[in-house]
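**Q** Have a look at this prediction, sequence included:
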Amino acid sequence: MPLRAVDEEDVVLSAMNSFFIGAREGHLKPQNSNELWKLLATITVRKANAKLRMYHADKRGGGNVRGESVFINLQRPDELGNGLAQVVDEEQLPELSDRLIQMCEERLGELNDDVLRKIAMMRLQGYRQEEIAHELNCSRTTVKRKLAKIRDIWGDE
């Protein structure tokens, strides 16, 4: 698992958080320092395994998702820091941005329902399903159903 996804500090902080929550709620009562260390080690190992399972989950690419480093040209060390900058010519950025905006407007235009369009816009802006449901005064299930409908409409192309 690459360190850019999760590092050892993330695992330890998560383990300590779980330990303190469990201790506060009275679920964890080590009798001595040996039990305490065993408990902390067990929690930490389980957290690390959970992070690995999450990273390797199919919905996250099964561990095959690669970051920007895939674009680094190792034959030319002078370009090591460029990453994604190698893919797009900066002079083309305004044209690409205009095209992206045009594509989004076309996609939104395919939605013949104002509610679907509003939900799509909110998702594009980063709203979570719960936030959309709250904003539209409907259930999360309704939002999920409408998002599935949007995917069906957009998935035809």
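**A** Great, that's in hand. Residues are numbered from 1 along each chain as shown.
**Q** neighbouring contacts of the helix or strand bottoming out on mean pLDDT in the chain?
**A** None of the helices or strands of the chain scores lower by mean pLDDT, DSSP states H and E than helix 93-109, at a mean of 84. Helix 93-109 has contacts (CB atoms under 8 Å, 6 or more residues apart in numbering) with 88, 117, 120-121, 124, 154. For glycine as for every other residue, the C-beta is placed from the backbone atoms N, C-alpha and C.
**Q** Which one of the residues you listed is nearest to residue 37?
**A** Checking the contacts of helix 93-109 against residue 37 by CB to CB gives residue 124 as the nearest, at 48.0 Å.
**Q** Please identify the buried residues of stretch 32-50?
**A** For stretch 32-50, the neighbour count (16 or more other CB atoms under 10 Å) marks 39-40, 43-44, 47-48 as buried.
**Q** same thing with stretch 47-61?
**A** 47-48, 51, 55.
**Q** Among the residues you listed, which are located in helices?
**A** Counted as lying in helices by DSSP state H, out of those, are 47-48, 51, 55.
**Q** just for this structure, where's the confidence low?
**A** 1-6, 58-90, 156-157 (pLDDT under 70).
**Q** returning to that earlier point: let me know the closest of the contacts of helix 93-109 to residue 145.
**A** Within the contacts of helix 93-109, proximity to residue 145 (CB to CB) peaks at residue 120, which comes in at 13.6 Å.
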